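Undergrad: from the sequence below, what's the structure:
(2 chains)
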Amino acid sequence: MPSASAGGPGEHRTSVIGLVPRSWLNALGIPPWVWSPLSVSLHAAFEATIVVALVGSALGFLLAKGRFPGRDAIETVCSLPMALPPTVVGWYLLTQMGGPGPIRNAELRLFGHPLTFTFNGIVVAQIIESFPYCLRFSRAAIAGVDPRFEQAARAMGLSRWRTALLVTVPLARRGLVAGVAMAFGRALGDFGATMIVAGSVPLATTMPIALYEAVFYGSHEQAMVLALVQLALAFAILFGVSGLGKVRPW
Amino acid sequence: MTPALELAVARQIGEFELDVAFTVESGVSVLFGPSGAGKSLTLALIAGLMRPDAGTIAINGHVVTDCSRGTYVTTQKRRIGMVFQDGLLLPHRSALDNVALAVRQASGRRARRALARAWLERVGAEGFADRRPGSLSGGQRQRVALARGLAGDPALVLLDEPLSALDSAVRRELRSLIRGVIVSSGVPAVLVTHDPEEAEELGDVIIAYNHGRVTGRRVVERPECPAPPPGGPESTGPV
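TA: Sure thing, here's the model as predicted:
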């Protein structure tokens, strides 16, 4: 079972799933041995999504509205994980986070240990993998807002900041929320990058890695349960996103 | 007396060249001419939504654009009100919120909403204050847009073909409302139209446009000014 710990190598700090009553998990038919990888997956994906939502949406706004050189280059670099195999992303992360250099030095200063093969390493891998989805959705959503509404707002005396907060973001909110949901789904489902950066460390094993191990060791019943739970999660996320498309935006 | 608007600007867009100069005093000045004559472009330059290539614009004596000196006051600081062709009300806000957002002269949400409600009453839109623009008819939306354009105590209100998207019966009804509300508010207005009947009925001065040039200026003879509706706000806005 996942437990609260200091967040050192190989463990994650709090149990998201600990907030859910055990009776609910039992009622859903989720066996106790799934709780740990499910908890790690959900917790890591939540943390990664918070970072991605804040940074990705803000950068998406800048790319949609800003007029500065290098916009396309920034978007291309940030979108590379969409086109690269996750294992390649994981390898770069492993060599940068685990090998000597400024990134590893920063990790040692901030956390006291390298992030490779830790819960935080999983979060970093998921941030990198899910970031492009949030960025592209938010950029498209912001760019899709009719600029005449923003002109009307400025003619009403609203500053650029108030126009962004009171007009642009509310009008783009469906796309922004969809981007965050897709990023969460991507983070939850990441395998390649997570596997290379964090491996399969006890108490820091995600659902996809647990499934890989179950298949590897021939536990097909366990694999089936893990796959079913992930299928249900993916369905819930996509159903939620498509539901957003049907909700009247205003 | 300082003119409400002094303008002498030039702007090239592709093959089209705008080069106009005129002043606006109190009352309603109509920019009249065929489509593509540069009327709406002129409004965009006055509002600061676009920059001219050359020239100056002063609102109430304050220079807001001076290309030779690099002066450019942003739209939100020009103290203008604007009424667009299709209203452009914020679709995620109620009619009341749309107007309240434009109120600059009061602090506090309650005071702003009280002023906004008074303006909605003024244009006969109090009955749908809590409805969102999507549920309003074209005429209702333009009433709210008119209230929003005037609610911020603007030095100048700009109306860009405010009636062109409406059917003829609603247009006739709104013409007298627009003129009555603007004249009684005391806010100078510049209105764009290509409808000669509308220009005659709404304008105190008609400035004729063609091919990006001012081709004439005429004062409209009126027997008397319409009296402000009873119980309406004073010239600085409703209280």
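
Undergrad: shaky segments in chain A?
TA: Low-confidence segments of chain A, defined by pLDDT under 70: A:1-21, A:244-250.

Undergrad: tell me which parts of it are close to chain B?
TA: Within chain A, the residues that sit near chain B (CB under 8 Å from any CB of the partner chain) are A:148-149, A:151-160, A:166-167, A:170-171, A:249-250. The C-beta positions use only the backbone N, C-alpha and C, and glycine is treated the same way.

Undergrad: what about the helices in the chain?
TA: Just so you know, I chose chain A. A:22-27, A:32-65, A:71-83, A:86-98, A:102-111, A:119-143, A:147-155, A:160-163, A:169-171, A:173-189, A:192-198, A:207-216, A:220-246 (DSSP state H).

Undergrad: can you look at chain B instead?
TA: B:39-47, B:95-102, B:109-122, B:138-151, B:168-185, B:196-202.

Undergrad: residues contacting the residue lying closest to A:Ala143 once chain neighbours are set aside?
TA: Closest residue in space to A:Ala143, ignoring its immediate chain neighbours: A:Ala64 at 4.2 Å, by CB to CB, 6 or more residues apart in numbering or on different chains. By CB atoms under 8 Å, 6 or more residues apart in numbering or on different chains, A:Ala64 lies in contact with A:Ser138, A:Arg139, A:Ala140, A:Ile142, A:Ala143.

Undergrad: cool, B:Leu45 as well?
TA: B:Leu45 makes contact with B:Leu7, B:Val9, B:Arg11, B:Leu18, B:Arg51, B:Pro52, B:Ile57, B:Thr65, according to CB under 8 Å, 6+ apart.

Undergrad: the nearest residue to the fifth one once chain neighbours are set aside pairs with what?
TA: With CB to CB, 6+ apart as the criterion, B:Arg51 has its nearest non-adjacent residue at 6.3 Å, and that residue is B:Tyr72. In this entry, B:Tyr72 is beta-bridged to B:Thr65, by DSSP bridges.

Undergrad: could you double-check that B:Tyr72 sits in contact with B:Thr65?
TA: Yes: here B:Tyr72 reaches B:Thr65: they are 5.7 Å apart, a contact under CB atoms under 8 Å.

Undergrad: the more surrounded of the two?
TA: Taking neighbours as other CB atoms under 10 Å in any protein chain shown, B:Tyr72 and B:Thr65 compare with B:Thr65 leading, 22 against 14.

Undergrad: so for that one, what's the pLDDT?
TA: For B:Thr65, the model assigns a pLDDT of 96.

Undergrad: what do you get for the one 10 residues further on?
TA: B:Thr75 is assigned 93 on the pLDDT scale.

Undergrad: and for it, the neighbour number?
TA: 25.

Undergrad: right, and it touches A:Arg154 too?
TA: Yes: contact criterion CB under 8 Å: B:Thr75 and A:Arg154 qualify, at 4.2 Å.

Undergrad: pull up the overlap in contacts between those two.
TA: Counting by CB under 8 Å, 6+ apart, the residues touching both B:Thr75 and A:Arg154 are B:Leu49.

Undergrad: surely A:Pro31 meets A:Val225?
TA: Yes: counting by CB under 8 Å, A:Val225 is a contact partner of A:Pro31 at 6.5 Å.

Undergrad: neighbour count for these two, which is higher?
TA: A:Val225 (19 against 11).

Undergrad: so who does that one touch?
TA: Contacts of A:Val225 by CB under 8 Å, 6+ apart are A:Ile30, A:Pro31, A:Val34.

Undergrad: can you tell me which of the residues you listed is nearest B:Ala199?
TA: Of all those, A:Ile30 has the smallest distance to B:Ala199: 72.5 Å, by CB to CB.

Undergrad: would you agree that closest one is in contact with A:Leu38?
TA: Yes: here A:Ile30 reaches A:Leu38: they are 6.9 Å apart, a contact under CB under 8 Å.

Undergrad: what touches both of these two?
TA: Between them, A:Ile30 and A:Leu38 share these contacting residues under CB under 8 Å, 6+ apart: A:Val229.

Undergrad: higher neighbour count, the two?
TA: Set A:Ile30 next to A:Leu38 and count neighbours by other CB under 10 Å: A:Leu38 wins out with 24 against 19.

Undergrad: helices and strands of chain B: which one has the lowest mean pLDDT?
TA: Least confident helix or strand of chain B, by mean pLDDT, DSSP states H and E, is helix B:168-185 with a mean of 90.

Undergrad: now that helix: buried residues?
TA: Buried positions in helix B:168-185, judged by neighbour count with 16 or more other CB atoms under 10 Å in any protein chain shown: B:170-171, B:174-175, B:177-185.

Undergrad: just the CA atoms of that helix, as CSV, please.
TA: Extracted in CSV, the C-alpha atoms of helix B:168-185 (Å, rounded to 0.1, in the frame of the first residue of the first chain):
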residue,chain,number,x,y,z
SER,B,168,-36.3,47.7,-41.1
ALA,B,169,-39.0,47.8,-38.5
VAL,B,170,-36.5,47.5,-35.6
ARG,B,171,-34.2,50.0,-37.3
ARG,B,172,-36.9,52.6,-37.4
GLU,B,173,-37.6,52.0,-33.8
LEU,B,174,-34.0,52.2,-32.7
ARG,B,175,-33.1,55.3,-34.7
SER,B,176,-35.1,57.6,-32.6
LEU,B,177,-33.9,55.8,-29.4
ILE,B,178,-30.3,56.1,-30.4
ARG,B,179,-30.6,59.8,-31.3
GLY,B,180,-32.6,60.6,-28.2
VAL,B,181,-30.3,58.9,-25.8
ILE,B,182,-27.1,60.3,-27.3
VAL,B,183,-28.4,63.8,-27.5
SER,B,184,-29.8,63.8,-24.0
SER,B,185,-26.6,62.3,-22.6
